[in-house]
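[1] could you work out the structure for the sequence below:
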Amino acid sequence: MWFKNLRLYRFTKEFTLDADKLSELLEAFAFTPCGSQDSARYGWVAPLGRHGSQLVHATNGYLMICAKKQEKVLPAAVINEKVEELAQGIYEREARRVGRKERQNLKDDVLLEMRPRAFARSRLQYAYIAPDEGLIVVDASSASAAEEMLENLREAISSLAVIPLSAKNLPQQAMTHWLTATEAPAHFEFGHECELRDPKDSGSVIRCKNQELCAEEIHNHLVAGLQVYKLGLVWRGGVEFLADEQLALKRVKFSDTLLEKADSVDSEDAAQRFDTEFAVMTLEISAMLQDLLAAFGGVNTESVSVEALVAKASRSETEQAAREVEEVAF
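    This is a model prediction of the structure:
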């Protein structure tokens, strides 16, 4: 259950749903397995898995949710081989080449035939909502996976006013300053991994792993104009991660001390163990994010949601139309 990646989103409107109401709304979109002709299914499951039935697990004001995505596994090479076999059969029988449109129709027929026999692959996606902090934290290695979860959550509860969390200072500039000065921000120390890029040439990338980040050779690259786009950091010796220019935290590792702290609590069943781990994890992440955001100059509250941008655009169009009417009238 310990999160390995942190994708951070900020509410632009207060989140007012409690655990019971949120669970009720998610129930209508609960996960069901793929049917014979489904290529994929997405839905909500109990965070506790077989040890629970509630779609929302609440602890200390935090709301844990879990989505399940199931996909049919159909290797492209197998499909293409079957299509090529059918196309060759047509050529031999009718002495003609199969065109692009007909080839696509053959591919659709192959998918229709093979999908019911395909293996189904499933994955779980966890996230927790922190209403008091105004955040949603998604355990996703990519922005697309996190956005998919948020889109499904938005569909289930009708509205979800969130935007990616951003800081006042650009992460790559702040991280470049820290590493150039060989001084990590307060409560942090450098890890052993970074990625340097030339801001003028996206193809110029240097990745360093298991390296002393304050070494002279890395410093020379920074003096030459490269910037830090990913930086390994360790917070108070308890949480290690790789921060990137989008303020996403990857490869998150909790120290053995924290893991032992969670294990030391007597838990009679799986639900209690889950509760303990969830409580310890959210407590540490909350404190760590406070220090990290402070290091980046605080939260950028001037960012606006997509809905606000649309509304602003609509207002601009209305104002422009009004000015045109005034000009005509004049």
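[2] what packs against the helix or strand hosting Leu231?
    Per DSSP states H and E, Leu231 falls inside strand 227-235. If contacts are counted by 3 or more C-beta pairs under 8 Å, 6 or more residues apart in numbering; DSSP states H and E, strand 227-235 sits against helix 171-180, strand 188-198, strand 239-244, helix 270-295. Using the backbone N, CA and C atoms, a C-beta is placed for each residue, glycine as well.
[3] relative to strand 239-244, how tilted is the last one?
    This means helix 270-295. With axes from the mean of the first three to the mean of the last three C-alpha atoms, to 10 degrees defining the directions, helix 270-295 sits at 50 degrees from strand 239-244.
[4] for helix 270-295, list every residue counted as buried.
    By neighbour count with 16 or more other C-beta atoms under 10 Å, helix 270-295 contains the buried residues 273-278, 280-282, 284-286, 288-289, 292-293, 295.
[5] for Ile79, give me the pLDDT.
    Ile79 is assigned 87 on the pLDDT scale.
[6] please disregard the earlier target; I meant Lys312.
    Reported pLDDT for Lys312: 42.
[7] could you do Ser53 as well?
    Looking at Ser53, the pLDDT reads 86.
[8] give me the distance between it and Ala156.
    Distance, Ser53 to Ala156, by C-beta to C-beta, to the nearest Å: 17 Å.
[9] tell me what the nearest residue to Ala19 once chain neighbours are set aside is bridged to.
    Spatially, and ignoring its direct neighbours in sequence, Ala19 is nearest to Ala58 (4.0 Å; C-beta to C-beta, 6 or more residues apart in numbering). Here Ala58 sits in beta bridges with Leu63, as judged by DSSP bridges.
[10] give me the neighbour count for Ala58.
    Neighbourhood size, Ala58 [other C-beta atoms under 10 Å]: 18.
[11] ranges for the strands of the protein?
    Listed in chain order, the strands of the chain (DSSP state E) span residues 7-11, 40-45, 57-59, 62-73, 119-130, 135-138, 162-164, 188-198, 201-209, 227-235, 239-244, 249-254.
[12] tell me which of those is the most buried.
    The highest mean neighbour count among the strands of the chain, using mean count of other C-beta atoms under 10 Å, belongs to strand 135-138: a mean of 24.
[13] dump that one to CSV, keeping only the CA atoms.
    C-alpha atoms of strand 135-138 as CSV (Å, rounded to 0.1, in the frame of the first residue of the first chain):
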residue,chain,number,x,y,z
LEU,A,135,-4.9,18.0,-2.3
ILE,A,136,-5.4,14.7,-4.2
VAL,A,137,-2.3,12.5,-4.2
VAL,A,138,-2.2,9.8,-6.9
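[14] where does this protein dip in pLDDT?
    Scanning the chain with the threshold set as pLDDT under 70 gives 266-267, 303-330.
[15] quick one: contacts for the spatially most central residue of it?
    Centre of the chain computed as the mean C-alpha position; nearest residue by C-alpha atoms, centre = their mean is Ala146, 3.1 Å away. Going by C-beta atoms under 8 Å, 6 or more residues apart in numbering, Ala146 touches Arg7, Tyr9, Ala127, Val138, Ala140.
[16] cool, Thr180 as well?
    Contact analysis of Thr180 by C-beta under 8 Å, 6+ apart lists His219, Leu222, Val223.
[17] what is the burial count for the first one?
    Read it as His219. 15.
[18] that one and Ala181 touch, don't they?
    No. With contact defined as C-beta atoms under 8 Å, His219 does not count as touching Ala181 (9.9 Å).
[19] one step back: so between Ser53 and Ala156, which is more surrounded?
    Neighbour count, other C-beta under 10 Å: between Ser53 and Ala156, Ala156 has more, with 20 against 9.
[20] looks like the more buried one contacts Trp44 (just checking).
    Yes. Taking contacts as C-beta under 8 Å, Ala156 lies within contact range of Trp44: 7.1 Å.
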